[in-house]
Each structure stands twice: as structure tokens, then as C-alpha cells.
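Visitor: quick one: sequence plus predicted model below, questions after.
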Amino acid sequence: MTRNFIVIFAFIALLASCNEKPSFSEFTYPDGKTKALILSYDDGTIQDMELANLFDKYNLVGTFNLNSKYLGVTRGWPQENGDTIYQRYVPKDSLLIIYKNHEIAAHGALHKNFTAISKEEVLEEINTDLAILEKLTNRKIISMAYPFGSTNDSIANLITSTGIKNGRTVNDTYTFDFPKNYMTWHPTCHDSKALNYLDSYLALNQQQLSIFYVWGHSWEFGNKKRWDNMVAFCEKISKSKDIWSVGHGELTNYLLAIQDVEITNNQILNPIGNQPVWIKLSSGIQKLNAGESIKIKQ
């Protein structure tokens with residue numbers, strides 16, 4: 001009799017715990033990850049082919065910011081010392097081959113310095129870039145890198161009218177934090193310094209979301225040491241199972257989706273039309289699709 005009572009009591013306790021509402025802890029990236037990696041490369045020169053292949057080998061996602069008016073041509077860039085560097089750009093009909101697994105983003109049609117031209121010219125640079133790239137790829141372009149990294153608050157605000165959702169500078173922060181403004185997104189570091197921060201990011205253990213943002217130019221890898229370091233970086237970081245390698249646009253959309261989730265005292269609701277988000281509850285990691293809600297402890 002006593003044994004039966006214990007079994008019944010245990011069953012009731014288990015049933016009660018199953019019905020108990022979980023408590024909300026944090027948002028996570030997909031599958032419960034809290035760390036992310038962005039690899040952002042500018043201009044669209046022919047060396048992107050080898051770099052994209054490297055990313056493909058290690059299942060990493062790159063964001064490639066292209067100057068659409070230079071696609072398929074060779075362009076000379078005068079240097080301060082009087083020399084001229086000639087850059088060869090990827091062909092127009094190769095974009096969906098080279099960047100099949102990667103994000104294509106804007107970089108200004110002719111790579112003009114936005115702080116040295118009029119607002120009308122800035123909009124022309126971006127809108128032309130978007131029109132050409134979207135026609136060539138049939139993709140919606142929502143990311144960009146500022147030519148020469150040059151921007152200001154006025155320019156960043158102006159560009160939001162084009163549908164661009166983020167803009168990357170070249171002002172390294174050497175941190176894994178998010179920007180206050182997605183349109184003036186300062187990266188962690190240039191790829192020449194990426195190995196210096198890799199071990200600390202791999203060892204990072206925190207509940208809050210973080211981002212390791214690396215940027216550069218594929219034509220800089222003519223230096224063998226630089227290339228070897230990049231290969232070592234990709235090989236090592238690809239072995240980590242807790243890092244989300246993602247394009248800048250996809251990450252931005254995910255962060256915006258999190259902002260649209262409605263949290264009250266006793267419920268989390270992912271609105272209809274929003275994309276899926278992942279949340280950490282006391283009961284574990286849960287995916288919340290659009291239109292779904294979950295009751296939580298008050």
C-alpha cells in the first residue's frame with residue numbers, strides 16, 4: 001500500500017512539473033547558439049573566387065560588397081606614391097556561381113567617397129548598385145559596406161530610404177559587441193588581426209548574444225603570410241559548434257525579428273509575418289515560429 005502511494009505521489013509531482021510554466025531567460029541565435037561570425041569583403045575583385053572557395057571548404061558564409069559598375073573590367077587605382085594598382089573585377093555573369101553560398105551586398109556603383117559627394121550622388125551610387133546587382137542575381141540586397149569606410153550620421157540616415165538595413169564601416173572596435181545603429185556598424189577587426197582575437201572569442205562563455213565581425217579585401221591576400229593566416233583562421237573557427245556563420249543581412253534580419261517579439265508578464269508572442277526566433281527558457285531552447293506564443297512565469 002505504501003509503495004503504491006509513493007508511485008502515485010511521484011506521478012502527480014511529475015505531472016505538475018510538466019504543466020509548470022517555464023521562465024524566459026534570453027534570446028539566442030538559431031539552435032541555441034549565442035555567438036556569430038560575419039566575414040565581410042569589399043570591391044568584388046577576381047580574388048573573391050579563391051576566397052569564396054575557402055569559405056565553402058569550411059562551410060563559412062561570406063558577405064561580399066560589390067562595385068557593380070566595375071564588374072567585368074580592369075580598373076587602375078592611382079596611389080599616393082604615384083604608382084597605379086590595377087584591379088580586375090569578377091564578370092557580371094559569374095555572380096551566382098562565385099557567390100552561390102554567400103551574401104551579395106552593395107559597395108557603391110563606382111566606389112565614390114560618400115563624404116566627398118552630394119546627397120543626390122550618394123543615392124545615385126547606392127540605387128544604381130542595387131538595381132544592377134538585384135537584376136543580375138534576382139536577390140534582394142539589404143547590406144552594404146561604405147566605400148573607404150567613409151560615412152556620417154546624415155549619410156547613414158539617408159541610405160535607409162533605399163531599403164538598405166545595415167552599413168559597415170572600417171572602424172575596428174576590437175570587441176564582440178553590437179552597434180547602437182545598424183547603419184554605422186563598426187566591425188571587430190580587419191582580417192590581418194583576426195587570429196589575435198580568435199582564441200578569446202572561442203573561449204567566450206556568456207548568455208548574451210555576441211558577434212565576431214571580420215572585414216577586408218580579397219586582393220590583399222597576395223601576401224602569402226596573410227593568406228596562410230586566413231586559412232588557419234577559417235580552419236580553426238569552423239571546428240567550433242557554437243558559432244553561427246552568417247551573412248550580414250541575415251543576421252540583421254534576425255536581430256530585427258527579435259525586436260518585434262512581444263513579451264508580456266505571462267507570454268512571449270512571435271507576431272504573424274515575423275521570421276522564426278529562438279529563445280532560451282528554464283525548460284531549454286525553443287524555436288518560436290511566426291504566430292506562435294508560449295506561456296511563461298510572471
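Guide: Right, received. Where do you want to start? This is a predicted model, so every value here is computed, not measured.
Visitor: hmm, S282 and E26 touching each other?
Guide: No: the pair E26 and S282 fails to qualify as a contact (C-beta atoms under 8 Å) at a distance of 11.2 Å. In short, each C-beta sits where N, CA and C put it, glycine included.
Visitor: quick one, strands of the stretch 101-250 of the chain?
Guide: Along the stretch 101-250 of the chain, counting by DSSP state E, counting those that start in this stretch, strands occupy 103-106, 143-145, 166-168, 189-190, 210-216, 243-245.
Visitor: got these as CSV, with mean neighbour count columns?
Guide: What follows is those, written out as CSV (neighbours: other C-beta atoms under 10 Å):
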stretch, mean neighbour count
strand 103-106, 27
strand 143-145, 29
strand 166-168, 27
strand 189-190, 16
strand 210-216, 23
strand 243-245, 20
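Visitor: would you list those strands in a markdown table and tack on mean pLDDT and distance to T45?
Guide: Shown next, in a markdown table, are the strands of the stretch 101-250 of the chain (pLDDT from 0 to 100; distance: least, C-beta to C-beta, whole Å):
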| stretch | mean pLDDT | distance to T45 |
| --- | --- | --- |
| strand 103-106 | 98 | 14 |
| strand 143-145 | 98 | 14 |
| strand 166-168 | 98 | 18 |
| strand 189-190 | 98 | 17 |
| strand 210-216 | 98 | 12 |
| strand 243-245 | 98 | 22 |
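Visitor: compare those and give me the one nearest I263.
Guide: Nearest to I263, of all the strands of the stretch 101-250 of the chain, is strand 210-216, at 21.1 Å by C-beta to C-beta.
Visitor: tell me what that closest one is packed against?
Guide: With contacts taken as 3 or more C-beta pairs under 8 Å, 6 or more residues apart in numbering; DSSP states H and E, strand 210-216 sits against strand 35-43, strand 189-190, helix 194-202.
Visitor: the first one: what's the following helix or strand?
Guide: What that stands for is strand 35-43. helix 48-57 (DSSP states H and E).
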